[in-house]
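Enquirer: Below is the structure, and that's it, no one-letter string:
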């Protein structure tokens, strides 16, 4: 049985994507991979020309690139309706333009910037 997770991406405090992961959903698994993805790009309003770097041209662009980043084959990752919030998940990741909130079924276990999220996920390996 896998460690399930949901990853919600928000635009103007409204969820626009809900990505379900069937396994490795814990912070030292999916959390680390998600943190690396978020820190690999830069949020912009308009795409710079002639620059070889990953850009997120708003949260909708980030959401599309996140799906492309994680979905490599059949199974494992699915897009669920944004209203779906009971998928037997053990963790939820809520991605805002500059903040990440991580919840387990009982509580918020992290709330901070993308960089702080990265540090949190890597700190969970040493605990």
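Expert: That came through, no problem. Quantities reported herein were computed from a predicted structural model and do not represent experimental measurements.
Enquirer: so the residue of the chain positioned farthest from its centre, which of the three states?
Expert: The C-alpha centroid of the chain is most remote from residue 50, which lies 27.7 Å away (C-alpha atoms, centre = their mean). Put simply, residue 50 is coil when judged by DSSP: H, G, I helix; E, B strand; the rest coil.
Enquirer: Can you give me every residue that contacts it?
Expert: With contacts defined as C-beta atoms under 8 Å, 6 or more residues apart in numbering, residue 50 has no neighbours. The way it works is simple: take the backbone N, C-alpha and C, and place the C-beta from them, glycine included.
Enquirer: Please report how far it lies from residue 35.
Expert: Residue 50 sits 28 Å away from residue 35, going by C-beta to C-beta, to the nearest Å.
Enquirer: ok, now residue 102?
Expert: Residue 102 is 10 Å from residue 35, by C-beta to C-beta.
Enquirer: Same check on residue 69?
Expert: Residue 69 is 12 Å from residue 35, where distance means C-beta to C-beta.
Enquirer: Between those two, tell me which one has more neighbours.
Expert: More neighbours surround residue 35 than the other of residue 69 and residue 35, with 22 against 16 (other C-beta atoms under 10 Å).
Enquirer: residues contacting the more buried one?
Expert: Per C-beta under 8 Å, 6+ apart, neighbours of residue 35: 100, 114, 117, 118, 121, 122.
Enquirer: Doesn't the fifth one lie inside a strand?
Expert: Meaning residue 121. No: Residue 121: not assigned to a strand; according to three-state DSSP it is helix.
Enquirer: Local confidence estimate at it?
Expert: The score at residue 121 is 93. That number is its pLDDT.
Enquirer: Next: the first one.
Expert: The predicted local confidence for residue 100 comes out at a pLDDT of 96.
Enquirer: Do I have it right that residue 43 meets residue 61?
Expert: No: taking C-beta atoms under 8 Å as the definition, residue 43 is not a contact partner of residue 61, at 9.0 Å.
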